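Q: give me a 3D structure for the following:
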Amino acid sequence: MKDVLLITLKGIFRDRIFQGIMALAGLIVFIPSAASLSMRQVTELSITLSLSTISFIMLLLSVFLGATSMWKDIERRYTFSVVSLPISRTSYVFGKFFGIALFLVLTAFVLGCAAMISIKVSSMGYPPARPVEWGLIMAAIVFDAFKYILLVGVAMLLSAVSTSFFLPVFGTVSIFLVGTITQQVYDYLHTPASEKVVSAIVKNAALVLYYLLPNLQSFDLKVYAIYSIKPSLGGVLTTFCYGGIYTAVLLLASSLLFGRREMK
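A: Residues are numbered from 1 along each chain as shown. Modelled structure (predicted):
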């Protein structure tokens, strides 16, 4: 598994994705200039733009790396050479996943450092009404990375059963979009107003999807970081355990499905 992990990382670096991320990290440094156009809450806007930029870049990476990494190996017939070696398919899947996950962690670190510089410059030029909670900003970046690592697990699961490029990419994007609103739908279904407009069948179907699909909204700590509000420690720990268990289930399912897949 270690060898597959290292090969995956080398392949990502050869594609010059990391250099592109470094360039985007440089753009984050210019966020204070854009935030200064706001008449008020310059630091808050700088935090918002920085965290949103990091989230968008991580989304693109998780979708395209997670959905295409295994597919490209199969398409180029690299996988045939790997599985012929004394290495199990489970180790191959886990190695690919952890290679991409490690790259996302490195990306989050680089972009996080650039965001810290950006926010610090904004806070020095325009002192905020509330003190900047650096720990909350770091927590928001860490949980954002954790969310997109989980999304890589989704992409790997779809790649394990798909023979085309489109299902992993568009399937992962679809699950991301649905996963960001499941909590709002769940909350709405438990309001008195929903009983008048939502049938019991639709409500039960929505609740089943709520429990099956990943709740990605729970990983979003941006609001806490922007307004320096400390989140519930119990909620944070619950989210962390939930993400770890859900990702582990996705990986196990991916390895089982890929192990049954016929290589042609």
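Q: could you use CA atoms for every contact and neighbour count after this?
A: Will do.
Q: counting neighbours, which bits of stretch 180-195 end up buried?
A: For stretch 180-195, the neighbour count (16 or more other C-alpha atoms under 10 Å) marks T180, T182, Q183, Y186, L189 as buried.
Q: return the closest of these with respect to C113.
A: Of all those, C113 sits closest to T180, with 26.0 Å by C-alpha to C-alpha.
Q: what residues does the closest one make contact with?
A: Counting by C-alpha atoms under 8 Å, 6 or more residues apart in numbering, T180 touches N215, L216, Q217.
Q: do that again at 6 Å, thanks
A: By C-alpha atoms under 6 Å, 6 or more residues apart in numbering, the residues touching T180 are L216, Q217.
Q: can you offset everything so residue one is 653?
A: Okay, residue one is now 653; in that scheme the one you just asked about reads as T832.
Q: for it, phi and psi?
A: phi -80, psi -10 (degrees, to the nearest 10).
Q: how close does it sit to S826?
A: 10 Å (C-alpha to C-alpha, to the nearest Å).
Q: identify those among the buried residues of stretch 832-847 that sit within helices.
A: T834, Q835, Y838, L841 (DSSP state H).
Q: distance of the third one from D872?
A: Put plainly, it is Y838. 17 Å.
Q: and what of the last one?
A: According to C-alpha to C-alpha, L841 stands 21 Å off from D872.
Q: cool, K662 as well?
A: Counting by C-alpha to C-alpha, the separation of K662 from D872 is 30 Å.
Q: out of those two, which sits in the more crowded spot?
A: Shown here are K662 and D872; by other C-alpha atoms under 10 Å, D872 has more neighbours (17 against 13).
Q: show the pLDDT at V734.
A: V734 is assigned a predicted lDDT (pLDDT) of 62.
Q: cool, F822 as well?
A: Model confidence at F822 (pLDDT) stands at 91.
Q: cool, the one 5 residues further on as well?
A: The per-residue pLDDT reported for I827 equals 92.
Q: what is the neighbour count of it?
A: So I827, with other C-alpha under 10 Å, has 17 neighbours.
Q: so which helix or strand takes in it?
A: Element membership for I827 (DSSP states H and E) is helix 818-831.
Q: and that helix, how far out from the chain middle?
A: How far helix 818-831 lies from its chain's middle: 12 Å, per C-alpha atoms, centre = their mean, to the nearest Å.
Q: could you check how far the closest residue to I769 other than its chain neighbours is from G718?
A: Excluding its sequence neighbours, the residue lying closest to I769 (C-alpha to C-alpha, 6 or more residues apart in numbering) is V681, at 6.7 Å. V681 is 28 Å from G718, where distance means C-alpha to C-alpha.
Q: which one of the two is surrounded by more residues?
A: G718 (29 against 19).
Q: isn't the more buried one right next to V806, touching?
A: No - if you go by C-alpha atoms under 6 Å, G718 and V806 don't touch, sitting 8.1 Å apart.
Q: next up, phi/psi of I801, please.
A: Dihedral angles (degrees, to the nearest 10) for I801: phi -70, psi -40.
Q: excluding covalently adjacent residues, which one is nearest to it?
A: Nearest to I801 is A753, by C-alpha to C-alpha, 6+ apart, at 5.7 Å.
Q: repeat for V804
A: G718 (4.8 Å).
Q: per-residue pLDDT, E914?
A: For E914, the model assigns a pLDDT of 66.
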